Structures are given as structure tokens and as C-alpha cells.
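how would this look folded up:
(chains A and B)
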Amino acid sequence: MILTNTTNYFGQLVNYLSEQMGIGGQILAYVLVAAIYLSFFAVAGLLLVYVERRVAAFFQLRLGPNRVGPHGLLQTIADALKLLSKEIFGTNRKDNLLYKTAYYLVIIASLVSLSVIPFSKGIQAFDINVGVFFISAVSSVGVLGILFGGWGSNNKYSLIGGMRSGLQMISYELSSGLAIITMVLLAGTLQMSGIIEAQRDTWFIIKGHIPALIALFIFVVAGTAESNRTPFDLPEGEAELGAGYHSEYSGMGFAYFFLAEFINMFIISAVGVTLFFGGWLAPFHLTDSLPWQPLWGAFWFFMKVAVFIFFMMWFRWTFPRLRIDQLLTLEWKYLLPIGLVNIILMAVLVYYNILISF
Amino acid sequence: MSYLGDVIGGIKTLMKGMKVTGSYFFPNVINKKYIITRQYPDEPAIVMERFKGEVVMWHNENNEHRCTGCQACEIACPNGSIEIIWNRVLNEETGKKVKQIDKHIYHLGMCTMCNLCIQACPTNAIMWSTNFHNSTYDRSKLTKVLNKPGSKLMAGVEE
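As a prediction, the model looks like this:
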């Protein structure tokens, strides 16, 4: 099992408990790790919803939620409690199986992608050798959940929203995949921890100079599209579709979709930070000599992710929504050809070693 | 070449948009002139001087007002928002009976802020206040008595 890796804190936990209590301890350790990830999911999701609302307000010269708790920090907890207490009801002739499995699929996709992300040195549940590929593969399961939700709701708007989401995901997955491959050329490995180790001296955004910059641009655009955020929020375009694929969900069903969307944003940002900005590595080896290395790693990781997320929010509150044909033009006529040329450029640069490294 | 031109032009215009919204988010760094919203309950509201909030009666420090009880405002009011209860009091110096207001009743709930009563007043006894915090839980609280209890007519107004 990959989890039994001894350089990993979760792996150490599993080893320790299974030595102490045998198979029961191993299961207990897995449950503990799952609980840690689930609570991270909930806390990060709620925090991101709060931050999103607050940032949105500041962009529009408002204040946002600032009444519940200090600076409104408890607002999203209050909202979640309200959603928990709400009745879950759907349309009369919904496809019950698809309708009910939809949000679980979305959440499972987000959680599984989350497990591969290295939060710091040794804080990573699964350090598999195809980490980046695994994330891009699993995150496309989420679109299946959205499609299920759109189809199962038995509602025209939900269906159109779900279909648009599928279209958009399939298109932009290509571009984000190409951007990821461009960076993987530099690292020479798909393993997340390996990619970070390869950046110990120079971050890839500097090492790969021009093609890395182009890849970052493509990755940000495709990532924004994959997380269904404005300017690519056609699946839930309020003006056209009500709420798109989650029109017919209420209570926690809606909350799961909502949280998963924000966690997807976090995952995209985390992958971007890992690929381009050195993951949990400190800039200029600032904190390399200090004690508590894993905590410092987590600190730098979350700082970088916060900046990345802030930029995604900045996009959201600046750019107008694309029309569906513009969306496809952008992907197939611009991002994809540029991405392909970019890969060749990067391959040539790597082959002749025209890279910046310190 | 127009292909690459389109791409660069697109990025340029996106940057321009981000600069505009960025100036809203970082007002101290870039530009402060955009912020025009006042956070009203936390900051005091700015009310224009000519704002017609409610009709009040001016009193000086000796609790004297300028209302002679002539009822011009009551007649001028188009919807009966003003009622004046008055009686005649014997003036001891001249030996004549003089009109004096007992209560100047003003129904704020009915008032349309039309300004006719204030135009009609010959002695400038009533005027506009800019107070707009008029919401109450009970409609009867909107019926106000404008002259303060124990107040009397200021000397020299009737001449």
C-alpha cells in the first residue's frame, strides 16, 4: 500500500497503529486520515466561500459579510448549519439514482484529487508516481457528477447546464493537460513530490522562462474553466439558466456542489503552485535552516495557493461571461494550438538545455 | 500575424480590466477617488440641508415658540395632517382675550412633505427638520405634539 511510505507522516501513522493494534489499528489509521481530509475539505470549503464573498464585496466597493462573528468569519458556518437543517426535496419525476449519486461523485472526485496534493514535506496521503496525471484524470470524474445532476433533475435548465459543463470540461481538460505536460518535461517525473524536489534550486516558472509563462497562462485559463468559475460559468449562468445543473438541489445536496466547486478551485491552485511555483518550497531558501520544516512548508504552500486563488477571484469579478461559441473558439483556436507549439518549444529548450537555473 | 495580434490584444484588454477592478480592491495603492459609498449605520449619514424630514416647531432656550395659533397651516394642509387645539386667554395688560395654542398636533404618518404649511406660516413658527429616523413599531407614535409642554408664545411675535 502506498500509504505505508515511511517518509510520509500519514504513512508513519498507519505503520505505528498497525504495529500496535494489528489490522484493526490499520483500519483506524485509515479512518483517521480520512477524517483529517474530510475536515480539511469542510473547513477549507467554508473558508473559501467566506473569502470569496469578502473579496467580491471589496471588488465592488462593498463590505460583504461582517456581522456574524469577528469580521463575519462565522457567516459561512451559519449558512452551512442553515443548509443542514433544510429539507432535501427534488423534482417530481427526477431520475432518483442519478440525482442522488450526482453530488457524491462531485465530492469524491474533489476529495480523491485532494489526497494527492502535497501540503508540505511528508504531508500527503498518496504520493503515487503518476500524481499529476492522477489528478487530471480524477478531476474529470467530477464532470460526470455534474452531468448526472443535470440529467437526473429532469429540468431543462439543469440539463443545459450539465451539458454545457461537460462540453467545457472536455474541451479545457486538453489545454490544462498540455500545460501540465509542458511542465512535466522540465521535471522529468509525474510524481508530485518529485516535481517539487526538482524545483529545489529554481522554480519552474523561472527555469522554463518563456514557455513556462505561456504554460502558466494556459493553465490558469483552463483551470478557471475547469472549476466552472466566471468568466466560464456557463453551466450555472444565473442570467440564462437559473442556477444551472444545481437548480433542483436544496439543503446539503446544494451545499455539496457548492463546497466541491470551491475545493476544485483550491485543487487547481494547488496543482498550479506545485507545477510552477515550487509547491511548499520556501522562496530563496528563506526558512530552510529553521526548525519545524513541515509547518514552514505548509505555510509557504498555503501562502502561494492563497495568492493563486486571489487571482482566480480577481478574474471572476473582472471578466464578463463568455458566450458558448466564444468559449469554444478560445479553446480550440487559441489555447490548444498555442499549447501544442509551446510543448515543442519547451522540448527543444529542455533538449538543448537553454534553461535558467541557479 | 493577426492571430498573434489577437492574442496579445486580448491579453492587453484583460489586463486593462484587471487594473480597473484592482484599483477598487487596492484603493490605497492605486486610486482612492472611486470610493463613494458611505457605510451608513456605522458612519453618520450625510443629509442635505434642504431635506424635508418632518415638521418641527422652533423653541428658544426659555421654552418659547413663535406660534400664534392663527391656524393658517391647518387650513393650508391638503390632507389634514395638522390640527391645532387652542383656546382664548385673557391678557391681563390689555384686558383682551387672546388666542393661544394648547396643542399643535402633527400627524407625521399622513404628511406628504408638501411644504404648504411652512409657506403659509406668517410667523415662521414651524420649519423642516432633516431627521429621517421616523420608523416606529406603533403608528400612534407618528402623531406628534409640536409645541413642548409648558411652552408659551414668544413676546413680540404678534405685532
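
which helix of the chain spans the most residues?
Using chain A. helix A:23-59 (DSSP state H).

hmm, I had chain B in mind actually
helix B:2-25.

which helices and strands sit right next to the helix or strand following the longest helix of chain A?
Note on helix A:23-59: by DSSP states H and E, the next helix or strand toward the C-terminus is helix A:75-84. With contacts taken as 3 or more CB pairs under 8 Å, 6 or more residues apart in numbering or on different chains; DSSP states H and E, helix A:75-84 sits against helix A:23-59, helix A:251-276. Heads up, the C-betas are built off the backbone N, CA and C, glycines and all.

any idea which of those helices is most buried?
helix A:251-276 (a mean of 24; mean count of other CB atoms under 10 Å in any protein chain shown).

which element follows it toward the C-terminus?
Next helix or strand after helix A:251-276 toward the C-terminus (DSSP H and E): helix A:293-316.

and the next helix or strand after that following helix, which residues are buried?
As assigned by DSSP H and E, the chain's next helix or strand after helix A:293-316 is helix A:324-329. Across helix A:324-329, burial judged by 16 or more other CB atoms under 10 Å in any protein chain shown covers residue A:327.

Check the gap between the single nearest residue of chain B relative to chain A and residue A:238 for me.
Nearest residue of chain B to chain A, counting by CB to the nearest CB: residue B:21, 4.4 Å away. Residue B:21 sits 19 Å away from residue A:238, going by CB to CB, to the nearest Å.

which of these two has more neighbours?
residue B:21 (18 against 10; other CB atoms under 10 Å in any protein chain shown).

returning to what we had before: list the helices and strands the longest helix of chain A packs on?
helix A:9-21, helix A:75-84, helix A:96-116, helix A:251-276, helix A:293-316, helix B:2-25.

ok, and what's touching the shortest one?
In this case it means helix A:75-84. With CB atoms under 8 Å, 6 or more residues apart in numbering or on different chains as the contact definition, helix A:75-84 has outside contacts at A:46-47, A:49-50, A:53, A:65, A:67-69, A:251-252, A:254-255.

Between the residues you listed, which sits nearest chain B?
residue A:67 (10.5 Å).

Apart from its neighbours in sequence, what residue is nearest the closest one?
residue A:75 (7.5 Å; CB to CB, 6 or more residues apart in numbering or on different chains).

Looking at the helices and strands packed on helix A:75-84, spot the one closest to residue B:74.
Of all the helices and strands packed on helix A:75-84, helix A:23-59 sits nearest to residue B:74, with 49.8 Å by CB to CB.

So what's the residue count around the nearest residue to residue A:242 once chain neighbours are set aside?
Leaving out its chain neighbours, the residue that sits closest to residue A:242 by CB to CB, 6+ apart is residue A:157, at 5.0 Å. Using other CB under 10 Å, the number of residues around residue A:157 comes to 19.

wait, isn't residue A:157 in contact with residue A:239?
No: contact criterion CB atoms under 8 Å: residue A:157 and residue A:239 do not qualify, at 11.6 Å.

what is the mean pLDDT for the lengthiest strand in chain B?
Using DSSP state E to define each element, chain B has its longest strand at strand B:97-107. Here strand B:97-107 scores 86 as its mean pLDDT.

Output it as PDB, nothing but the C-alphas.
Output in PDB follows, covering the C-alpha atoms of strand B:97-107 (Å, rounded to 0.1, in the frame of the first residue of the first chain):
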ATOM      1  CA  LYS B  97     -58.900  87.800  25.100                       C
ATOM      2  CA  VAL B  98     -56.000  86.400  23.000                       C
ATOM      3  CA  LYS B  99     -55.800  83.200  21.000                       C
ATOM      4  CA  GLN B 100     -53.300  80.800  22.400                       C
ATOM      5  CA  ILE B 101     -52.400  77.300  21.300                       C
ATOM      6  CA  ASP B 102     -52.900  74.400  23.600                       C
ATOM      7  CA  LYS B 103     -51.600  71.600  21.300                       C
ATOM      8  CA  HIS B 104     -50.200  71.800  17.800                       C
ATOM      9  CA  ILE B 105     -50.800  68.200  16.700                       C
ATOM     10  CA  TYR B 106     -48.900  67.000  13.600                       C
ATOM     11  CA  HIS B 107     -49.700  63.600  12.000                       C
END
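
List the buried residues of it.
Applying 16+ other CB under 10 Å to strand B:97-107 flags B:101, B:104, B:105, B:106, B:107 as buried.

can you list contacts of that strand?
With CB under 8 Å, 6+ apart, strand B:97-107 has contacts from B:54-55, B:57, B:67-70, B:80-91, B:126, B:142-147, B:152-153, B:158.

and residue A:19, what does it touch?
Counted by CB under 8 Å, 6+ apart, residue A:19 has contacts residue A:25.

how close does it sit to residue A:25?
From residue A:19 to residue A:25 the distance is 7 Å (CB to CB).

Tell me the pLDDT of residue A:237.
Reported pLDDT at residue A:237 in the predicted model: 69.

try residue A:325
In this model, residue A:325 carries a pLDDT of 86.

just checking, what packs against the lowest-mean-pLDDT helix or strand in chain B?
Within chain B, no helix or strand scores below strand B:152-153, which has a mean of 81 by mean pLDDT, DSSP states H and E. Counting contacts by 3+ CB pairs under 8 Å, 6+ apart, strand B:152-153 is packed against strand B:64-65, strand B:97-107.

7 Å instead, please
Secondary-structure packing of strand B:152-153 (3 or more CB pairs under 7 Å, 6 or more residues apart in numbering or on different chains; DSSP states H and E): strand B:64-65.

tell me the average confidence for the strand it packs on?
Mean predicted lDDT for strand B:64-65 stands at 87.

Could you pull out the buried residues of the helix or strand just after it?
Moving toward the C-terminus from strand B:64-65, the next helix or strand (DSSP H and E) is helix B:72-76. Neighbour counts over helix B:72-76 (16+ other CB under 10 Å) mark B:72, B:73, B:74, B:76 as buried.

Contacts only, for the third one.
This means residue B:74. B:82, B:83, B:84 (CB atoms under 7 Å, 6 or more residues apart in numbering or on different chains).

same thing but 6 Å
By CB atoms under 6 Å, 6 or more residues apart in numbering or on different chains, the contact list for residue B:74 reads B:82, B:84.

and what of the last one?
If a contact means CB under 6 Å, 6+ apart, then residue B:76 has B:116, B:117, B:120 as its contacts.

Could you identify the buried members of the residues you listed?
Buried among the contacts of residue B:76 (16+ other CB under 10 Å): B:117, B:120.

Just the contacts of residue B:76: which are in strands?
Using DSSP E, none of those sit in strands.

could I get the contacts of residue B:76 as a markdown table with pLDDT?
Below are the contacts of residue B:76 laid out as a markdown table (pLDDT from 0 to 100):
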| residue | pLDDT |
| --- | --- |
| B:116 | 92 |
| B:117 | 90 |
| B:120 | 91 |
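
Among the contacts of residue B:76, which are located in helices?
Per DSSP H, these map to helices at B:116, B:117, B:120.

on that earlier part again, now, among the contacts of helix A:75-84, which is nearest to residue A:283?
Using CB to CB, the contacts of helix A:75-84 come closest to residue A:283 at residue A:47, 23.8 Å.
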